[in-house]
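Trainee: Provide a 3D model corresponding to the input given below.
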Amino acid sequence: MSIDEPSLARLMTASQRGDRAAYRALLGDSGRWLARYFARRIAPHQVDDLVQETLVSMHRKLATWDNSRPFLPWLAAIARYRWIDLLRRQRDEVELGEGDAAVGVEDEVVHARLSLDRMLTLLPPGQAQAITLVKIEGASIAEASQICGQSEALVKVNIHRGLKKLAQLIESE
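Mentor: Residues are numbered from 1 along each chain as shown. Okay, the predicted model is just below:
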């Protein structure tokens, strides 16, 4: 089943009525959606734990979802609060004088950046530049188009192809 709003809303409605199969499917689909949501926000080794925390929160709040409202924004709000809780815990660890933990996080960021830079050198220059501008630096497609001297469509194609190749490279390592 695809992870789209209408499908998730139907599963949630059935889950609220006690349909166990729908609830299992909802947890699986929501877990996959949450993993993608968190993958862009936190370190890879933290994703599974935060997905589980969010699914537990979703379970606790199951009765609060109103089926006249969209499901994904409701789930995203729960995910955002769990993410904020994680950030607060990390901040508190650093404030409590655990300098080693802070250095560890900084080391992870440096290693991740070096690894990303190395992977980007394996892509054609147009793809690497488009990914760097849009996905890393946060430029819009239009801004990246002007900077790269490529059409907006080509920037999108380069991003798509580059990310696909990066995924293949990561899987092969």
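
Trainee: domain parsing for the chain?
Mentor: Per automatic domain parsing, the domain ranges recorded for the chain read 5-94, 99-172.

Trainee: State the mean pLDDT of the longest one.
Mentor: In this model, domain 5-94 has an average pLDDT of 91.

Trainee: Could you pull out the helices in the chain for me?
Mentor: Ranges of helices in the chain, per DSSP state H, are 5-16, 20-39, 44-60, 71-95, 99-120, 125-131, 141-148, 152-172.

Trainee: Return the set of buried residues in the third one.
Mentor: I take that to be helix 44-60. For helix 44-60, burial by neighbour count (16 or more other CB atoms under 10 Å) applies to 47, 50, 51, 53, 54, 55, 57, 58. Heads up, the C-betas are built off the backbone N, CA and C, glycines and all.

Trainee: Can you tell me which of the residues you listed is nearest residue 67?
Mentor: residue 58 (14.8 Å; CB to CB).

Trainee: Look up how far residue 75 lies from that closest one.
Mentor: 6 Å (CB to CB, to the nearest Å).

Trainee: what's the answer for residue 24, then?
Mentor: Using CB to CB, residue 24 is found at 16 Å from residue 75.

Trainee: cool, and residue 123?
Mentor: To residue 75, residue 123 is 33 Å away according to CB to CB.

Trainee: for residue 92, same thing?
Mentor: Applying CB to CB to residue 92 and residue 75 gives a distance of 26 Å.

Trainee: I'd like to know how many residues surround the closest residue to residue 46 other than its chain neighbours.
Mentor: Excluding its sequence neighbours, the residue lying closest to residue 46 (CB to CB, 6 or more residues apart in numbering) is residue 86, at 7.0 Å. Neighbours of residue 86 under the rule other CB atoms under 10 Å: 17.
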